[in-house]
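**Student:** using only what follows, build the 3D model:
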Amino acid sequence: MTDYDSIDFSPILSADATDGEVVTHSPVRDITLPSGKVLALITLDNGRDHTRPNTLGPATLAELGETLAGLKARAAAGEIQAVGITGKQYILAAGADLSDISKLGSQDNARLVAQFGHKVLGSLSELGVPSFAFVNGLALGGGLEIALNSTYRTVDASAAAIALPEVFLGIIPGWGGAYLLPNLIGIENALEVVISNPLKQNRMLKPQQAFDYGIMDAIFPASNYLEDSLMWADGVLSGAVKVSRKHEPGKIERLTKWPVAIKMARGMLESKIGTVPKSPYVALDLLDKAKSGTKADGFAREDEALAELITGDQFA
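**Tutor:** Take a look at the predicted model:
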């Protein structure tokens, strides 16, 4: 188990490392729900229009981590009963900021990026109160992993796209996606989202598909999306709304369907792309191992896999 709190992240948080990053800020406002419960709502916003999506670079993650730490303290003091996270208009987040990935320079720094994402996004499930991701728009890679690390998820029916496109980019979902997704929606659906879709010219999910697969717990129309999501969250908090996750894998799937699906996927990869591209096979191994072990184990495996891939020749 990795103790993320004991890691020195300064090499990726230095002025040189974050120079040029368009920081996505994480301001918070309190919303009193109809029940009287208070939900602290984070709105990710880089201050640019929709042509420059929110991204998650080191400085962005550092600010979000501080925001979440403050909210954890407020939750412990009884000031808030839930935390929500959403994005600026049309966009939650388009994933990690990969613009300067070649500057990481070492496998150690690449591993730090993976670990820092796990530390910050993983804290969404450790606030002491439920967390709600309100996926109001585009959610790619780390953007979707924000949602996966949250306790509950809703999606705007007009959101542009939802995906884990990392394999298309030569890497893997490294901030929880390779462990959390299969344990939420089952191995067959996860294989499609993590491996098959990226290899089909980077195919992405529409919101209804994300809901049907079980990635999202509720879907609401754009016209009243945030209001509907807040009402739904209030219902979840009060117990009036029961969240059913019919795609969550059980013991039988883990023992029988899981290894068969992995074997079939491996054969498909070998016949279609050969054995040279690394990332699809690394992702496949991560999905295979996600059937057992703890979340901490899964996150540690992602750290090592991303560190190995992110310093490959494709980023030189």
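**Student:** okay, CA-based contacts and neighbour counts for the rest of this
**Tutor:** Fine.
**Student:** confidence score at the closest residue to Pro165 other than its chain neighbours?
**Tutor:** Excluding the flanking residues, the one nearest Pro165 by Cα to Cα, 6 or more residues apart in numbering is Pro198, at 5.3 Å. Looking at Pro198, its pLDDT stands at 97.
**Student:** and for the one 3 residues further on?
**Tutor:** On pLDDT, Gln201 comes in at 94.
**Student:** show me the contacts for the residue nearest to Pro165.
**Tutor:** When contacts are counted by Cα atoms under 8 Å, 6 or more residues apart in numbering, Pro198 touches 164-168, 204.
**Student:** any chance of the residues you listed in a markdown table, with distance to Asp97 too?
**Tutor:** Listed next are those as a markdown table, based on distance: Cα to Cα, whole Å:
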| residue | distance to Asp97 |
| --- | --- |
| Leu164 | 14 |
| Pro165 | 14 |
| Glu166 | 12 |
| Val167 | 16 |
| Phe168 | 16 |
| Met204 | 19 |
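**Student:** tell me the buried residues in stretch 230-247?
**Tutor:** 230-235, 237, 247 (16 or more other Cα atoms under 10 Å).
**Student:** what is the nearest of those residues to Pro130?
**Tutor:** The nearest member of the buried residues of stretch 230-247 to Pro130, counting by Cα to Cα, is Leu237 at 8.1 Å.
**Student:** which residues are in contact with stretch 64-77?
**Tutor:** Contacts of stretch 64-77 (Cα under 8 Å, 6+ apart): 25-27, 40, 80-83, 120-121, 123-124, 126-129.
**Student:** could you find the closest non-adjacent residue to Lys278?
**Tutor:** Lys278's closest residue in space is Gly170 (Cα to Cα, 6+ apart), at 7.5 Å.
**Student:** ok, so of the contacts of Pro198, who is nearest Ala283?
**Tutor:** Using Cα to Cα, the contacts of Pro198 come closest to Ala283 at Val167, 7.5 Å.
**Student:** Val83 reaches Lys37, doesn't it?
**Tutor:** No. Val83 is beyond contact range of Lys37, at 10.9 Å (criterion: Cα atoms under 8 Å).
**Student:** phi, psi of the residue nearest the centre of the chain?
**Tutor:** Centroid-nearest residue in the chain, with Cα atoms, centre = their mean: Glu145, separated by 0.2 Å. Here is the backbone geometry of Glu145 (degrees, to the nearest 10): phi -70, psi -30.
**Student:** and the one 5 residues further on, by the same measure?
**Tutor:** For Ser150, the backbone dihedrals (degrees, to the nearest 10) come out as phi -80, psi 160.
**Student:** what's the pLDDT at Ser123?
**Tutor:** The model's pLDDT for Ser123 equals 98.
**Student:** so what's the residue count around it?
**Tutor:** 18 (other Cα atoms under 10 Å).
**Student:** give me every residue that touches it.
**Tutor:** 65, 68, 149.
**Student:** could you give the number of residues near the first one?
**Tutor:** It stands for Gly65. Gly65: 21 neighbours (other Cα under 10 Å).
**Student:** tell me where the model's unsure across this protein.
**Tutor:** Residues of the chain meeting the criterion pLDDT under 70: 98-105, 311-316.
**Student:** show me where it has helices.
**Tutor:** Assignment of helices within the chain using DSSP state H yields the ranges 10-13, 15-18, 58-76, 107-122, 142-149, 177-185, 187-191, 197-199, 207-212, 225-238, 251-252, 258-273, 279-289, 295-310.
**Student:** so what's Gly174 closest to, chain neighbours aside?
**Tutor:** Spatial nearest neighbour of Gly174, chain neighbours left out: Glu302 (5.1 Å); criterion: Cα to Cα, 6+ apart.
**Student:** check Tyr225 too.
**Tutor:** Nearest one to Tyr225, counting by Cα to Cα, 6+ apart, is Asp156 at 6.0 Å.
**Student:** and that neighbour, what are its bridge partners?
**Tutor:** Beta-bridge partners for Asp156, by DSSP bridges, are Phe220.
**Student:** hmm, back to that, which of the contacts of stretch 64-77 are buried?
**Tutor:** For those, buried by 16+ other Cα under 10 Å: 25-26, 40, 80-83, 120-121, 123-124, 126-129.
**Student:** wait, isn't Leu112 in contact with Ser10?
**Tutor:** No. Using Cα under 8 Å, Leu112 is not in contact with Ser10; the gap is 9.3 Å.
**Student:** higher neighbour count, the two?
**Tutor:** Leu112 (25 against 11).
**Student:** how much space between that one and Val236?
**Tutor:** 36 Å (Cα to Cα, to the nearest Å).
**Student:** cool, and Gly174?
**Tutor:** With distances taken as Cα to Cα, Gly174 is found 29 Å from Val236.
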